[in-house]
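Asker: One predicted model, sequence on top.
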Amino acid sequence: MIKFFRHIRQSLIMENKTSKYLKYALGEIFLVVIGILIALQINNWNEKRKLKVEEKELIANLSLSFERKLNELENKNAGRTKNLNGINRLREIISNQDSTVTETEMFGFLQDMFIWFAVNEEFSIIDMLYSSGKINLISNDSLKAKLISWPDFMEEMLEEQRVVQDLVVNKLNPLISNYISSANLSNSFEQKMGTTIVESPFPNDFEGLLKDRAFESLIAQKYIYLNTNIEDSKTLIAEAKSILELIDRELEK
């Protein structure tokens with residue numbers, strides 16, 4: 001009987017020890033799990049902080065890029081508008097057979113005929129946003145939506161720009177060169193810059209140019225395409241300003 005009670009006592013002692021060990025083991029596991037969860041939370045917090053810093057840097061770069069693009073768009077539109085005024089003046093001269101226009105004035109009008117006021121088609125920061133997937137760093141949904149839409153607005157403007165370029169390079173400039181020496185046009189510009197010039201031996205035939213029906217037709221076409229180009233650029237300018245406003249709000253946070 002005594003042996004039986006001793007056996008019972010030893011069993012209870014062993015069970016008590018096992019229970020203590022089990023509680024200790026469970027406590028250790030609990031602490032390890034809690035430690036892992038805390039570490040994961042800290043890691044997630046650090047990752048979010050890094051992404052936020054990267055987003056801020058990206059938005060700051062977007063601000064600089066869109067400021068430059070906005071200035072470029074506005075400057076090109078100013079040049080296009082000046083060219084439209086010059087085309088109108090040339091059409092008046094042709095229509096009224098105005099012979100009072102001076103050679104200097106004609107050179108001024110014609111120099112702009114050789115230009116298509118091209119906005120740079122490359123916009124590296126937008127290309128980078130798509131190629132790298134960093135567009136997903138932008139947390140502001142309104143800003144992200146406008147950045148996604150930007151290439152479509154840009155392409156619409158560029159289509160007209162390419163039409164103007166083709167007209168100028170392949171049609172208008174060769175026609176003008178039949179009547180007016182490109183060297184003389186260049187000299188007119190160089191004189192304004194105070195540069196030494198070499199006179200061309202070929203005379204300018206302003207009268208012949210102004211009486212050429214193809215010239216009148218081509219400058220009228222350029223007027224139409226430039227006007228469309230201006231309107232498309234105005235849409236881009238408005239979009240660029242809207243994007244910059246959203247960027248400024250993000251940078252102020």
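Answerer: Received it, and whenever you're ready, just let me know what you need. Numbering: from 1, shown residues only.

Asker: Tell me the secondary structure of V101, please.
Answerer: Following DSSP: H, G, I helix; E, B strand; the rest coil, V101 is assigned to coil.

Asker: What distance do you get for it to D127?
Answerer: 46 Å (C-beta to C-beta, to the nearest Å). C-beta here means a position set from N, CA and C on the backbone, and glycine is covered the same way.

Asker: Which element, helix or strand, includes F30?
Answerer: helix 2-96 (DSSP states H and E).

Asker: hang on, K146 packs against K241?
Answerer: No - look at K146 against K241 with C-beta atoms under 8 Å: they stay out of range, at 10.8 Å.

Asker: Between these two, tell me which one has more neighbours.
Answerer: Comparing K146 with K241 by other C-beta atoms under 10 Å, the one with more neighbours is K146, at 18 against 11.

Asker: Excluding chain neighbours, what is closest to the more buried one?
Answerer: I243 (5.2 Å; C-beta to C-beta, 6 or more residues apart in numbering).

Asker: ok, that neighbour - contacts?
Answerer: Contact partners of I243, counting by C-beta atoms under 8 Å, 6 or more residues apart in numbering, are L62, F66, L143, K146, L147, W150.

Asker: With L84 instead?
Answerer: L84 neighbours (C-beta under 8 Å, 6+ apart): Y223, L226, N227, I230.

Asker: For these, pick the one with the most neighbours.
Answerer: L226 (25 neighbours).

Asker: contacting residues for that one?
Answerer: L226 makes contacts with R80, N83, L84, I87, F117, V164, as judged by C-beta under 8 Å, 6+ apart.

Asker: Now do whatever helix or strand comes next after the helix holding F30 against helix 2-96, angle only.
Answerer: Per DSSP H and E, helix 2-96 leads on to helix 103-113 as the next helix or strand towards the C-terminus. If you take axes from the mean of the first three to the mean of the last three C-alpha atoms, to 10 degrees, helix 103-113 sits at 150 degrees to helix 2-96.

Asker: just how off-centre is helix 103-113 within its chain?
Answerer: 32 Å (C-alpha atoms, centre = their mean, to the nearest Å).

Asker: Can you show me the CA trace of that helix as PDB?
Answerer: The C-alpha trace of helix 103-113 is given here as PDB (Å, rounded to 0.1, in the frame of the first residue of the first chain):
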ATOM      1  CA  GLU A 103      12.500  93.500 -97.600                       C
ATOM      2  CA  THR A 104      13.200  93.400 -93.900                       C
ATOM      3  CA  GLU A 105       9.600  92.800 -93.100                       C
ATOM      4  CA  MET A 106       9.400  90.000 -95.700                       C
ATOM      5  CA  PHE A 107      12.500  88.300 -94.300                       C
ATOM      6  CA  GLY A 108      10.800  88.400 -90.900                       C
ATOM      7  CA  PHE A 109       7.600  86.800 -92.100                       C
ATOM      8  CA  LEU A 110       9.500  84.200 -94.200                       C
ATOM      9  CA  GLN A 111      11.900  83.100 -91.400                       C
ATOM     10  CA  ASP A 112       8.900  82.000 -89.400                       C
ATOM     11  CA  MET A 113       7.600  80.000 -92.300                       C
END
